[in-house]
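Enquirer: Below are the sequence and a predicted model for it; my questions follow.
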Amino acid sequence: MKIGSVTLPSPFAVAPMAGMTDSAFRRLVKRHGGCGLVVTEMVSSEGLVRGIDRTLEYAEYTDEERPVSIQIFGGDPATMAAAAQVVEGMGADIVDVNMGCPVPKIAKHHAGCSLMREPKHAAGVIQAMTKAVRIPVTVKMRAGWSDHTRNAPELARRVEGAGASAVTIHGRTAEQSYSGSADWDLVAQVAAELTIPVFGSGDCIEPGQIMERMFTGVSGVLVGRGVLRNPWILAQAQDLAQGRTPREVTLAERGKFLQDYIDLLLHERLGERQGIRRAASGTEEHEARSANSLTARGHDRWVINKLRALCSWYSKGLEGGSLLRVRVNSAGSVTELREIVDEFFASVPAAAVCR
Ligand SMILES: Cc1cc2nc3c(=O)[nH]c(=O)nc-3n(C[C@H](O)[C@H](O)[C@H](O)COP(=O)(O)O)c2cc1C
């Protein structure tokens, strides 16, 4: 399937998830197969345009992840167009617009799901962006803002008219946040009405559910929490799509995934530390040494926090999973963290393997 001129090797994708789908995680999911597209965590259009380091970091990706979509948020057409140009300049394949985030911090600035309350303005944002860049501009929205305003069909038609190359619908309203269940009938309605590809998102926890959703007429499925629980879910859905029994994942493989994630995160941080060393060579050697040890502690904390966040999802459905969460939360160093992961996956009885 294609989004504009970009070919996706599979219709199954990693949904954007703030704080979770960093480059290291996306690379690992991609390596396990079945993944046709990855979307970055949402990044601020203002931050991109102003060149804020932290924002640019969130937007970083590696070639291994291609095709890659960078998701941006904001509500000002000119800033969003300029941010789309930054994204294009970074070499991304697609720029995606967040029209689904219900968090007040984002929504109060006419961004995220607030754009669904102003469909004409939202279409104006997309039009400004499609005029500014050659890469496909896509939109990710919810069913609507509230139960009284489930206007995804209208907004989807408008953004298609404004030049969007694809839309994704998470079938819940902003007011619902994550309660209730995703309305896939609404997703199917939009898929039937539009000529551009429509992706659905919501509540695919088992590979079989991803396959079932493909029968609603969508072009593809973006999987969020299901990938955090089971990074093999897209590969397993692809197995099903190709008529094979979904691959089994052993506990050893599940443990190795976490160790590989730690490796990739460390690699990113180590690069930065070497950078500090190089910059500080010469007369500032003493200061450089203390800066390095501070960074070492800081980067241990950063890796542990990343693992804590992932394990709160990854441990779900795993027998003894709460023990893994507690133990990871107590880790004081990366060495200890690695030991905890090794011990846990070596000690859980094989019968406790989750899907
Ligand atoms: C921790 C978390 C962070 C999320 N961050 C984003 C985001 O940055 N941008 C976005 O469009 N959606 C975001 N979402 C929504 C997901 O992309 C997805 O649409 C939603 O979780 C429903 O799919 P699921 O049931 O497969 O998780 C986030 C979801 C979660 C759980």
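Expert: Thanks, I have the structure now. Note that the structure is predicted; figures quoted are calculated from it, not measured. Numbers count the residues shown, from 1 in each chain.

Enquirer: what's the helix or strand where residue 228 lies in contact with?
Expert: Per DSSP states H and E, residue 228 falls inside helix 225-229. Helix 225-229 is contacted by residues 14-15, 17, 20, 29, 204-206, 209-210, 233-234, 310, 313-314, 316-317, 354 when judged by Cβ atoms under 8 Å, 6 or more residues apart in numbering. In this view, the C-beta of every residue, glycine as well, is placed from N, C-alpha and C.

Enquirer: Following the record's annotation, map out the domains of this structure.
Expert: As assigned by automatic domain parsing, the chain contains the domains 2-241, 251-352.

Enquirer: Kindly report which one of those carries the lowest mean pLDDT.
Expert: Sorting those by mean pLDDT places domain 251-352 lowest, at a mean of 79.

Enquirer: circling back to that earlier point, buried subset of the contacts of helix 225-229?
Expert: 14-15, 17, 20, 29, 204-206, 209-210, 233-234, 310, 313-314, 316, 354 (16 or more other Cβ atoms under 10 Å).

Enquirer: Nearest to the ligand: which residue in this structure?
Expert: Closest residue of the chain to the ligand, Cβ to the nearest ligand atom: residue 224 (2.6 Å).

Enquirer: Just to check, that residue is in contact with residue 199?
Expert: No. Contact between residue 224 and residue 199 fails when scored by Cβ atoms under 8 Å: they sit 11.9 Å apart.

Enquirer: So for those two, which residue has more residues nearby?
Expert: Set side by side, residue 224 and residue 199 show more neighbours around residue 199, with 27 against 22, by other Cβ atoms under 10 Å.

Enquirer: among the buried ones among the contacts of helix 225-229, which are in helices?
Expert: 29, 209-210, 233-234, 310, 313-314 (DSSP state H).

Enquirer: Max pairwise distance over those residues: which two?
Expert: Farthest apart among these by Cβ to Cβ are 209 and 310. That separation is 21.4 Å.

Enquirer: returning to that earlier point: next one: the residue of the chain closest to the ligand relative to residue 319, how far apart?
Expert: According to Cβ to Cβ, to the nearest Å, residue 224 stands 23 Å off from residue 319.

Enquirer: Please list the residues of the stretch 101-250 of the chain that sit near the ligand.
Expert: Applying Cβ under 6 Å from any ligand atom, we find that the stretch 101-250 of the chain lies next to the ligand at 101, 140, 170, 201-204, 223-226.

Enquirer: Derive a PyMOL selection command for the buried subset of those.
Expert: Listed next is the PyMOL selection for buried residues among these, using 16+ other Cβ under 10 Å:
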select buried, resi 101+140+170+201+202+203+204+223+224+225+226
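
Enquirer: Please narrow the residues of the stretch 101-250 of the chain next to the ligand to those residing in strands.
Expert: Among those, the residues falling in strands (DSSP state E) are 140, 170, 201, 223.

Enquirer: Could you dump the residues you listed into JSON lines with distance to residue 69 added?
Expert: As requested, these are exported to JSON lines (distance: Cβ to Cβ, whole Å):
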{"residue": "140", "distance to residue 69": "9"}
{"residue": "170", "distance to residue 69": "15"}
{"residue": "201", "distance to residue 69": "13"}
{"residue": "223", "distance to residue 69": "14"}
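
Enquirer: Nice, that's everything, thank you.
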